[in-house]
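> Below is the sequence, then the predicted model.
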Amino acid sequence: MAFDHDIIIAGGGLNGPALALALAGAGLSVAVVDARPADDRAGDDFDGRAYALALASSRLFGALGLWRDLAAQAQPIRQVKASQGHPGEGAGPLFLHFDGAEIEEGLVGHMLEDRFLYRALLTAMRDHGITHLPGAAVITQEVDPAGVSVELADGRRLRGRVLIGADGRGSGVAHRAGITRRGHDYGQTALVAALDHDKPHHGIAHQYFMPGGPLAILPLPGNRSSIVWSEPHATAQTVKALPDDAFIDVLRPRFGDFLGNIYLTGQRFSYPLSLSLADRYAAPRVALVGDAAHGVHPIAGQGLNLGLRDVAALAEVLADTARRGEDMGATAVLERYEQWRRFDATALALGMDAVNRLFSNDNPILAVARGLGMGAVSRIPPLRRAFMRQAAGLSLKPMPRLLTGQAL
């Protein structure tokens with residue numbers, strides 16, 4: 001049977017288009033099936049959603065030809081400061097401090113708004129002739145020895161050599177492939193918003209570990225910051241329902257006054273938090289990336305970065321396989337990708353899970369233990385730099401070429 005495309009990607013968020021661009025750059029034919037309308041997130045209006053991009057992730061976008069323009073819209077993260085906090089008191093004593101000046105790259109990472117990143121990916125897909133099918137969804141998939149056929153909700157059918165699930169934690173691709181998941185509900189909801197403030201943030205990201213969950217304060221261009229504020233579900237629902245002024249009144253004692261007065265800007269969003277790990281990243285003619293493979297706690301802002309590591313590894317495996325004339329959908333080929341990525345992603349996901357459990361409480365014994373542990377990391381320069389390089393995505397072994405800025 002003839003193939004419509006080499007690769008069919010289900011999911012048009014961020015990982016799906018990034019993977020499509022990497023594969024198209026390697027000469028492969030790609031279709032992206034996107035459940036949302038094409039311009040749903042590509043508007044000009046600020047809405048508050050933003051991502052912390054590790055340095056390796058920005059290098060991937062450089063390899064895709066996007067970072068030069070994106071860099072002008074990004075805010076460098078120069079330092080990260082972590083402290084224990086309490087409602088009504090703001091941040092307590094600092095117990096962990098990362099300064100980008102300590103590593104040769106000079107930065108910890110960048111903050112970039114969703115609207116800029118998504119629009120750049122959407123434009124690049126159009127420019128590279130990638131088949132983008134917005135407002136469509138894969139509803140069936142059928143694998144045979146030569147390829148995989150999918151049916152869309154509108155009745156269209158596509159055939160390719162490999163189907164990629166980039167369709168989130170509830171991945172239909174994974175479910176139809178018989179890939180099971182495990183995980184648990186954190187009992188927390190993340191409240192996401194952006195704030196204007198009177199004083200400059202100097203490119204410093206703050207992480208307050210509160211008994212109910214962490215509060216991240218992340219610098220955006222100008223006197224503006226993004227917050228990811230985790231609370232138990234009931235508390236979060238109550239706060240979510242408040243009008244804007246009352247929302248700020250509840251946030252302010254947790255946030256503190258180090259940036260002066262704070263003002264809500266853009267929209268507010270909320271997301272229930274859970275850990276969701278796929279038991280496999282590959283099945284016959286199927287591979288998973290991003291949240292379809294591993295949905296993690298946002299405590300370290302690593303969700304998108306983990307997905308982009310998947311993108312870099314899978315794109316390299318598929319591109320190199322195609323150049324050798326091998327069958328890209330062969331089980332042995334897709335298992336190379338799984339072996340490359342699964343340990344790293346699972347270890348980081350479980351590490352963030354452990355940190356959230358350790359810090360999201362008011363147990364005085366645990367408070368002493370975490371203070372000693374984090375204090376040791378902060379006081380020992382080689383250990384501190386190793387943690388910084390890990391957070392920046394610079395410690396992977398082997399490192400996919402895209403994450404070093406090299407095109408495929």
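Thanks, I have it. Residues are numbered from 1 along each chain as shown.

> Tell me the helices and strands packed up against the helix or strand containing Glu316.
Element membership of Glu316 [criterion: DSSP states H and E] is helix 303-323. Contacts defined by 3 or more Cβ pairs under 8 Å, 6 or more residues apart in numbering; DSSP states H and E place helix 303-323 against helix 15-25, strand 50-54, helix 55-63, helix 331-359. All C-beta atoms are positioned from the backbone trio N, CA, C, and that covers glycine.

> Nearest to His202, out of the ones you listed?
strand 50-54 (16.3 Å; Cβ to Cβ).

> between that closest one and helix 303-323, how big is the angle?
60 degrees (axes from the mean of the first three to the mean of the last three Cα atoms, to 10 degrees).

> Neighbouring strands - and their directions - for strand 50-54?
Applying DSSP bridges, strand 50-54 is found paired with strand 109-113 (antiparallel).

> mind exporting the strand it pairs with as CSV, just the C-alpha atoms?
Listed next in CSV are the C-alpha coordinates belonging to strand 109-113 (Å, rounded to 0.1, in the frame of the first residue of the first chain):
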residue,chain,number,x,y,z
GLY,A,109,17.6,29.1,30.9
HIS,A,110,14.9,31.4,29.4
MET,A,111,11.2,32.2,29.9
LEU,A,112,9.2,32.3,26.7
GLU,A,113,5.5,33.0,26.3
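
> what's next to that strand, contact-wise?
46, 49-55, 57-58, 70-71, 73-77, 205, 218-220, 226, 391-392 (Cβ atoms under 8 Å, 6 or more residues apart in numbering).

> now the angle between helix 55-63 and it, please.
60 degrees.

> Buried residues in the helix or strand following strand 109-113, which are they?
Following strand 109-113 in sequence order, the next helix or strand is helix 114-127 (DSSP H and E). Neighbour counts over helix 114-127 (16 or more other Cβ atoms under 10 Å) mark 114-122, 124-125 as buried.

> Export those residues as TSV, with columns for pLDDT.
Output for these, formatted as TSV (pLDDT from 0 to 100):
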residue	pLDDT
Asp114	92
Arg115	91
Phe116	94
Leu117	95
Tyr118	93
Arg119	93
Ala120	95
Leu121	96
Leu122	94
Ala124	96
Met125	96
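
> ok, of those, which one's closest to Pro200?
Phe116 (21.1 Å).

> ok, the closest one - contacts?
Counting by Cβ under 8 Å, 6+ apart, Phe116 has contacts 70, 73-74.

> Now for these, which sits with the most neighbours around it?
Counting neighbours by other Cβ atoms under 10 Å, the top entry in the contacts of Phe116 is Ala74, with 22 neighbours.

> That one contacts Ala52, doesn't it?
No. Counting by Cβ atoms under 8 Å, Ala52 is not a contact partner of Ala74; they are 10.5 Å apart.

> As TSV, the helices and strands packed on helix 303-323 with mean neighbour count, mean pLDDT and distance to Leu264 would be great.
Output for the helices and strands packed on helix 303-323, formatted as TSV (neighbours: other Cβ atoms under 10 Å; pLDDT from 0 to 100; distance: least, Cβ to Cβ, whole Å):
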stretch	mean neighbour count	mean pLDDT	distance to Leu264
helix 15-25	26	98	29
strand 50-54	26	94	15
helix 55-63	25	96	28
helix 331-359	18	88	26
